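# What follows is a predicted protein model with its sequence.
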Amino acid sequence: WALFDHCNFTGTLPSFIGSWPGLHHFNLGANPYLTGSIPPSFGNLNNLDGMWLYECNLTGTFPPQIISLPLLTVLDMSSNSHLSGTLPSNIGSMARIQYLSFAGCGLTGTLPASILQLPAGGALVLSYNKLSGSFPLAIRNAPPSNIYLDVTCNKFCRSLPTWCATTTCQYCAGDTPDYCPEDILMQLYTATAGASWTRKDNWGTQGGMCKYFGITCDATNTTVTHMYLDNNNLVGTLPSSLATMPGITRVYLSENDISGAFPSGFWTLSSLIEFKCSACSLTGMIPAVVSMPSLYSLVLTANSITGSLAPLLTSTAIPNIRDIRMNDNPLSGTFPNTVVTLTNLHYLGISNTGISGTIPPNIGLLTNLKTFWVSQLPSLTGTIPPSLMTISGLEAIDLSGNTRLGGTIPPFVSMPYLTYIAISGCNITGTIPESIGYQTTLRQLIMGGNNRLTGSIPSSFSSLNQLFWIELQENNLIGTVPSFISDWIPMIHCHFGDNPRLTGTIPASIGSMVNLQEIWFYGCNMTGTVPPEIMLLTNTLIVFDASSNPLLTGTLPSAIGSLKVIHWLSFANCALTGTIPDSVSQVPSNGYLLLRNN
């Protein structure tokens, strides 16, 4: 035995004590000037029955070797406030321990699940430490049956087990502990009517949060990193605790009935990389201070978010953003000039909002931009900045429906990935740039709908051999419809209607456009006759409208009945003569053949 409690020792614990193999009882308690760490050599005392080192001033971490002592029944390390580190995960392997105390130390980390393996009838006292996290699953709903457990005044998650007694696992006065990830998930479950979710596998069960449907954890199974609950019938609001979820990187909640404002603190979540909550019912404004340094994708389309985007679209708020989609929200304010500082931006979508002002003239600084979706903004004014058309990596440009956007279309640089251009329903004047025809990857070109474009269809368009959709209607184009349109082999939708100065004959080469489904020439000034080659489009042509061309003459092709899928065939208000061919009876019965005023 070595009993030296309540002495006035100073210095540190000598490591040679670990070489006393016959030691059974070792008591150095209540020596407040005894400092330093506990020597790992104490793990050699295989005959030790009890060790008391309470009320000293020991530092460092507790040696895990001591846990393996086979005969130890009492270990009292209490009131060593500078003793740090975590409880050894194998603490439950102490086969004979009856009293184990680390009360009043500085231990951190979580409560090991192995405490449930401690021998029955003993006591584990861990009060007044800094333990955190959740209780082990097995004691969430009931106290441990094997031991007396005292964990009063620690930093466990806010939702303590219901069995906690006032004296054994309550918080200290004034403590404001955090929510644990599992607490937060269950609050989300409750706040969004989890019982009615489409999929709710394992939620709220003893299997743990990492087995919940839609949840992914890190390698330690202590941190939620991903939440995939798209289109899962969530109905309700987001709990405020969601903004405190530590380590969360990706949240997908789109197509649910989630209403209300964002939780306070959401806009300063430093770990969040992706947040997608489109087609929900979110409300509220973006706050004045946004700090989301990790965010690269924010998709909030089709909600009811209001206010200005100015606090968001700046490099101090979201410096690494690549994808931002705020379409279909009742936003307000002007187009923020600070958007040009988001140099990593690939996708900008702010269509169908209340944003006003002008597109920043130096928008071309966004050299990584691929998609520019800035349409249906009735209060957007000014012109299309020439610098926009210098971004060589652009894949899609949509400026349609900006009724107050005027000026001309700037020339395009070479854009080897460009597939989509929509500048319809604006107030654009001038001619169509020849440089558009050099974008040989282009698949859709939409420039119709109440623009005021003049000039002829550029000859460079003959190179657009991947084009399958073109709209040039409701402009003031001149010249003829070029015969090279037959080179647009993929073409299915071709609209030249309501260009009253577009003249010449309908190209017979249309008959070789084997994929063509719809073509309009109404309200032009077409001359000549209806080319019979059109009737070669037997199984594809659905719409052919050449109405209101008063100089279109001749007779109806006799093979008109060969159009097996035609739904709309109109030559109304032309100057056709002759008789109606007998084959018209073979036109589909649900279709329309308009021949009035000929």
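It's in.

# which stretches of this protein have low pLDDT?
Regions of the chain meeting the criterion pLDDT under 70 cover residues 137-138, 140-141, 158-162, 165-167, 173-178, 206.

# What ranges does it have for its helices?
181-191 (DSSP state H).

# the strands in the stretch 151-300 of the chain, which residues?
Assigned by DSSP state E, counting those that start in this stretch, the stretch 151-300 of the chain shows strands spanning 155-156, 215-217, 224-228, 235-237, 250-252, 257-261, 274-276, 281-283, 297-299.

# between those strands, which one is nearest to residue 539?
Go through the strands of the stretch 151-300 of the chain one by one with C-beta to C-beta and the one that ends up closest to residue 539 is strand 297-299, at 40.0 Å. From N, CA and C alone the C-beta is placed, and that goes for glycine too.

# residues contacting the residue lying closest to residue 272 once chain neighbours are set aside?
With C-beta to C-beta, 6 or more residues apart in numbering as the criterion, residue 272 has its nearest non-adjacent residue at 5.6 Å, and that residue is residue 295. When contacts are counted by C-beta atoms under 8 Å, 6 or more residues apart in numbering, residue 295 is found next to 272-275, 318, 320-321.

# From the residues you listed, list just the buried residues.
272-275, 318, 321 (16 or more other C-beta atoms under 10 Å).

# how about those residues in CSV, adding distance to residue 567?
Formatted as CSV, the entries for these read as follows, by distance: C-beta to C-beta, whole Å:
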residue, distance to residue 567
272, 49
273, 48
274, 43
275, 44
318, 48
321, 45
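
# Now stretch 365-385: buried residues?
Buried residues in stretch 365-385, defined by neighbour count with 16+ other C-beta under 10 Å: 365-366, 369-377, 380-385.

# can you give me the strands for the stretch 351-500 of the chain?
Using DSSP E, counting those that start in this stretch, strands in the stretch 351-500 of the chain cover 357-358, 371-373, 380-381, 396-398, 420-422, 444-446, 469-471, 479-480, 493-495.

# same thing with the stretch 1-150 of the chain?
Along the stretch 1-150 of the chain, the segments classed as strands by DSSP E, counting those that start in this stretch run 2-3, 11-12, 25-27, 34-35, 50-52, 60-61, 74-76, 83-84, 99-101, 122-125, 132-133, 147-150.

# right, and those - which one's nearest residue 68?
Shortest distance between residue 68 and those, using C-beta to C-beta, is found for strand 74-76: 12.3 Å.

# Which two among the contacts of residue 295 are spaced furthest apart?
When the contacts of residue 295 are compared pair by pair using C-beta to C-beta, the farthest-apart members prove to be 275 and 320, with a separation of 13.5 Å.

# end to end, how far does stretch 483-497 reach?
Distance between the two ends of stretch 483-497: 17 Å, counting by C-alpha to C-alpha, to the nearest Å.

# which residues touch it?
Contacts of stretch 483-497 from elsewhere in the structure, counted by C-beta under 8 Å, 6+ apart, are 443, 448, 461-462, 464-474, 477, 481, 502, 507-510, 512-524, 545.

# of those, buried ones?
443, 448, 461, 464, 466-474, 477, 481, 502, 507-510, 513, 516-524, 545.

# So what's the gap between stretch 326-337 and the chain middle?
The gap between the average C-alpha position of stretch 326-337 and the chain average comes to 19 Å, counting by C-alpha atoms, centre = their mean, to the nearest Å.

# what sits up against it?
Outside stretch 326-337, the residues within contact range by C-beta under 8 Å, 6+ apart are 298, 300-310, 313-314, 349-360, 373, 380.

# So how do I select the buried members of those residues in PyMOL?
What follows is the PyMOL syntax selecting those of the contacts of stretch 326-337 that are buried according to 16+ other C-beta under 10 Å:
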select buried, resi 298+300+301+302+303+305+306+307+308+309+310+313+314+349+350+351+352+353+354+355+356+359+360+373+380
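
# hmm, back to that, dump the strands of the stretch 1-150 of the chain to CSV, plus distance to residue 114 and mean neighbour count.
Below are those laid out as CSV (distance: least, C-beta to C-beta, whole Å; neighbours: other C-beta atoms under 10 Å):
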stretch, distance to residue 114, mean neighbour count
strand 2-3, 30, 12
strand 11-12, 30, 12
strand 25-27, 25, 17
strand 34-35, 30, 20
strand 50-52, 20, 21
strand 60-61, 18, 14
strand 74-76, 15, 20
strand 83-84, 20, 20
strand 99-101, 12, 19
strand 122-125, 11, 19
strand 132-133, 15, 17
strand 147-150, 12, 19
